[in-house]
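Asker: here are the coordinates; sequence isn't available:
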C-alpha cells in the first residue's frame, strides 16, 4: 500500500545523509497520507545504507502498524502526537544535526538574527522546557510531542516550522516530507550562523521586525513575489 | 541574444555551489554586457541543479525583461542599482555564505587582519547601516543597493570589491562575473579567518597599513609584480 | 592465522579514514580473538593508503608477536593493558580525532549535555590524570592503559566505552573492533556538540539524570526497545 | 633539467590542494636539488588546476632563473633566504591555511598543548615579529625569510619545522618537499586543535615537558621506536 509515498519517504530519509544532517541511524522522516490518514515512517535503528522503500513502516494515528515487516522508529509516538495536534503538518523530520542540537543542549531558542532565518521561520525557533521525570518515565516519546505543542501555544506551526527539544535535538516539519527535510537543512544552517554571529558580537540583537516581516512575506502568503509563482 | 554571456553567467552561478557558498536557491550572480548595457542574471528561486544557460534572464538597467521565460532574481533591483551607480562593476554576486553572513548579522565590518585580506581588499570590508522601515517597505531591493553605495562614499569600489548588508549577507563584485565569484570565495575565507583570529586574541588589531599596502599593490595597479603579467 | 579477523581489523582501521577520524598514520584499531586470546592490531607508522589484511600484526597478551612481518603499533602495550584488565573489551580504538583531542588537551571530561551522548555513554566521558614523569619514562604506553583503568574505578567500562587521555587523545572500545570504531565516531561528534553547547551557554549544565537514564536504557540492557531487537 | 624533481615538486604543490591547505593560487612549494644547489619552485599566480611539471621554475640561490618559461613565485626570495641560512632544509612550503593563518594574524605562537603537536614539533611554533616599514618597502620577501630566521635563533629548525609570519601565514619545511607538505598538514591540524583547546579551557597550559620529550623522541633521533625503522 502507498508504494509511491514509501518511495518518497525513503528518499527523504536518505536526503538527511546527503545533506550531512545524520550519521548512522540518527534521525527519521515521516509523511502522512492525506487520503487515509496513515503515516509512513523510517524503521527503528536501521542504517541508511541499503535502506529501500520496502523497509518503510505504515502506521495509523494510534500507532498500530498497518504494514511493514520492521518496527517503526522509536520516535514514532512523537510524530503521531504532532500529526494529531497539527493537521496542517504533512511531513516531520527529527535529526541530531550538530548546531541545532547544540542550541537544544544549551536550552536556548535560536534568535532571528537575519534574513536567512526570516526567509523560512517567522520568529525565534523555540526550545521546549525540559520534560518532567514523570513525562519521561511514562509515554516519553508521546510527551516529547506534547512539550513541542506547548512551545507553540499562540504560534502558527506552519509559519515557524521547527522546534528544539531541550537536551535532545531538533524537529522540523512542512506540508510534506520534502519540505520538512528542506526546513531541517535551513534550520541547521541558521543555527550555525547564529552561533557564529554571537561569537563576533556578544551583544548581537535580532534583526528589526520590519526586515524580518519583509523577508518572510516576500516568500510566503498571498503577496509573495519570490520565486516563479509556485511553492517555495 | 548574448548566448555566450548567458553560458558564462550560468557557469558563474553554478560555481557558487562548487565553492560551497550557496545551498538550495540562496544566491545569484549577474554580469553586465558592456556593449548593450543589458544585464544577465539568475532566475528567482530556481534550484542550481539542472540550471542551464537558457534559464538566464536578460534585463535592461530599468529592470525590464529583454529576454527570458522566467522571472529574474528578486534581488535584481539591487544589482541594477549598483550597475547604475558604479559603471566599473562588470559582475555582481550575492550569497548567504556562512561566515560573511555571520559578520553581517553581527553588524560589523571585517577587519583587515592580514595579507590574505590585503591581497584582494584594500581596507576593512564595510557593513551597511540597517535600512529604515520606509526603505524596506518601498523599493526594498533597490534600497539595498542604496545603502551599499552609502557605505562606499569615499571608497573606491574596485579596490574593495565586497560589502556586507546588515542582518542580511554579503555582496561582492568585479570586472566580470568570474572575478565577482572569485572575490565572494575570498571574502568568505577572510571572514572565517577574521573570526578565528579574534577567538585567539580578543585584542587582535589590524595589520600595519604598510604591510596591507605592500600586499595590495604587489597584486594590483601599475607596479604589480605578482603573477605572470596578466590579470591575477 | 586468524585471516578473517585480520580482514575485519584492517577494514576497521580503514574506517577511521572514512569517518574522518585520522590522517596519515594517526590512530589504530585492534581486536582480541576470543578463542585464542590473541590480539590483532595495525602495524606501527603505516599509512592507511594501500594497507591490507596481510599487514596486520598478531600479538599475544604479553606483547610477543605471534605472526606478522611488521612491528605492531607503538601503542600496543596500551591496548594489551586494557585487554588484560577488562576482559569484556573485544575491540579498542585510538585516534587523535579533533574535538575529542581538544577536550583531552584541555584536561576536561566531556559532560553529558544531551541525549546523543546518553544514547551511547552512561555518564560524562572521563579524562585521565597526567602521567607522572616516572610513568612516562618507563613503560609509557603500558602506563597509559593504567591511568585509563584508574579513571574507570567504580565505572563500568562497557556502559561508558570511551576515555580521554590527558594531553594526548581519545581511546574507545566495544564488544569488537566495529563497535569500537562506531563509538569513536560518536565520541567525536559528542565532543564537538559539547564544545558548541558551551559556546552558546557558558553555564550549560548536563541533562537531568532521568532523561540520560531513559535514553541509555532504551538502547541498552534487557528493557531496550530501540532498534529491531538485535544489537544497536 | 631536473625533470624527476620537477615532477616531485609539482605533485607536492598539487598535494596542498588535496589536503585542503590552499585555494586558487594561494601557496607554494619548493625543493632544493642537493647536487646542484638549484631550487625548483611553483610559478607565480598560477592556478593548481592543470599545472604540470613543465610549469615548474628552476632558480639558483641568488634568484636567477636557470630554466622555466614562467616567473617564479613572488615568495621565491623568502624560500631562497631560508635555503641559504639553513642548509638542512630540503623543501619549503608556504600556505594561507586557515587555522595557522588565524594564529599568525593573532600574533601568537601555537602552544604545544599535546602529543599530536609533540610528535612533529619540539616546542611551541613561533610567530615572527612584524616586519618594519623599511623591511617591507625594500626586499620584502627576502626580509620575510630574515624574520623567520630571527625567530629561530637558538632553536633547531629541523626539530621545529614550521613558523608563523605575523599577519601573514605559515611556512613549514622538511628534508624534502614531501616532508614539508606533511608538516604543513600537521601544523594546520595542531593549530585547529590548539584553538579548540583554548575554547574549552581559557587557562589551558602546555603539556608537561617530559611528555612532550617522550613523544618527540619516540619518533625522532637515535632512540626512536615509532614506525618500521625507516623515516616517519
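Answerer: Everything's here; your move. A quick note: this is a predicted structure, and the numbers were derived from the prediction, not measured.
Asker: now residue A:122, nearest residue through space, not along the chain?
Answerer: Spatial nearest neighbour of residue A:122, excluding adjacent residues (CB to CB, 6 or more residues apart in numbering or on different chains): residue A:159 at 4.1 Å. Where C-beta positions appear, they are placed from N, C-alpha and C, glycine not excepted.
Asker: so which helix or strand takes in that neighbour?
Answerer: Under the criterion of DSSP states H and E, residue A:159 resides outside all helices and strands.
Asker: go on, residue A:147?
Answerer: If you go by DSSP H and E, residue A:147 is part of helix A:140-151.
Asker: Return the distance of the helix or strand following that helix from the chain's centre.
Answerer: Sequence order places strand A:162-165 as the next helix or strand after helix A:140-151, per DSSP H and E. Mean-position distance between strand A:162-165 and its chain equals 7 Å (CA atoms, centre = their mean, to the nearest Å).
Asker: ditto for stretch A:106-119
Answerer: Taking the mean of its C-alpha atoms, stretch A:106-119 sits 15 Å from the chain's own mean (CA atoms, centre = their mean).
Asker: Now it: buried residues?
Answerer: A:106-119 (16 or more other CB atoms under 10 Å in any protein chain shown).
Asker: Name the residues of chain A found near chain B, please.
Answerer: Within chain A, the positions near chain B by CB under 8 Å from any CB of the partner chain are A:113-116, A:182, A:185-186, A:189, A:192-194, A:196-201, A:204, A:207-208, A:210-211, A:214, A:218, A:225-229, A:232.
Asker: try 7 Å
Answerer: Within chain A, the positions near chain B by CB under 7 Å from any CB of the partner chain are A:113-116, A:185, A:189, A:192-193, A:196-197, A:199-201, A:204, A:207-208, A:210-211, A:214, A:218, A:225-228, A:232.
Asker: Report the buried members of those.
Answerer: If you count burial by 16+ other CB under 10 Å, the buried members of the residues of chain A next to chain B come out as A:113-116, A:185, A:189, A:192-193, A:196-197, A:199-200, A:204, A:207-208, A:210-211, A:214, A:218, A:226-227, A:232.
Asker: Could you check how far residue A:189 is from chain C?
Answerer: 14 Å (CB to the nearest CB, to the nearest Å).
Asker: For chain B, give me its nearest residue in chain A.
Answerer: Proximity of chain A to chain B (CB to the nearest CB) peaks at residue A:227, 3.0 Å away.
Asker: I figured that residue was touching residue B:43, is that so?
Answerer: No: applying CB atoms under 7 Å, one finds residue A:227 not in contact with residue B:43, separated by 9.0 Å.
Asker: Helices of chain A, start to end?
Answerer: Assigned by DSSP state H, the helices in chain A fall at A:3-18, A:76-85, A:98-106, A:115-118, A:133-137, A:140-151, A:177-200, A:209-219.
Asker: circling back to that earlier point, hmm, residue A:118 and the residue nearest to residue A:122 touching each other?
Answerer: No: taking contacts as CB under 7 Å, residue A:159 lies outside contact range of residue A:118: 10.9 Å.
Asker: Give me the residue at the spatial middle of chain A.
Answerer: residue A:172 (1.2 Å; CA atoms, centre = their mean).
Asker: separation between that residue and residue A:82?
Answerer: As for residue A:172, its distance to residue A:82 is 11 Å (criterion: CB to CB, to the nearest Å).
Asker: what does chain A put close to chain C?
Answerer: Applying CB under 7 Å from any CB, we find that chain A lies next to chain C at A:23, A:43-45, A:70-71, A:74, A:96, A:98-99, A:101-108, A:130-131, A:133, A:136, A:140, A:167-169, A:195, A:199.
Asker: Give the PyMOL command for selecting the buried subset of the residues you listed.
Answerer: Selecting only the buried entries of the residues of chain A next to chain C in PyMOL, with 16+ other CB under 10 Å as the criterion:
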select buried, chain A and resi 23+43+44+45+70+71+74+96+98+99+101+102+103+104+105+106+107+108+130+131+136+140+167+168+169+195+199
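Asker: Find me the pLDDT at the residue nearest to residue A:122, would you?
Answerer: For residue A:159, the model assigns a pLDDT of 97.
Asker: Tell me, how many residues neighbour it?
Answerer: Residue A:159 sits with 14 neighbouring residues when counted by other CB atoms under 10 Å in any protein chain shown.
Asker: Now do it against residue C:196, distance only.
Answerer: For residue A:159 relative to residue C:196 (CB to CB), the value is 27 Å.
Asker: what's the answer for residue A:35, then?
Answerer: From residue A:35 across to residue C:196, the span is 42 Å (CB to CB).
Asker: was I right about residue A:180 contacting residue A:171?
Answerer: No: Residue A:180 lies out of contact with residue A:171 (CB under 7 Å); the separation is 9.0 Å.
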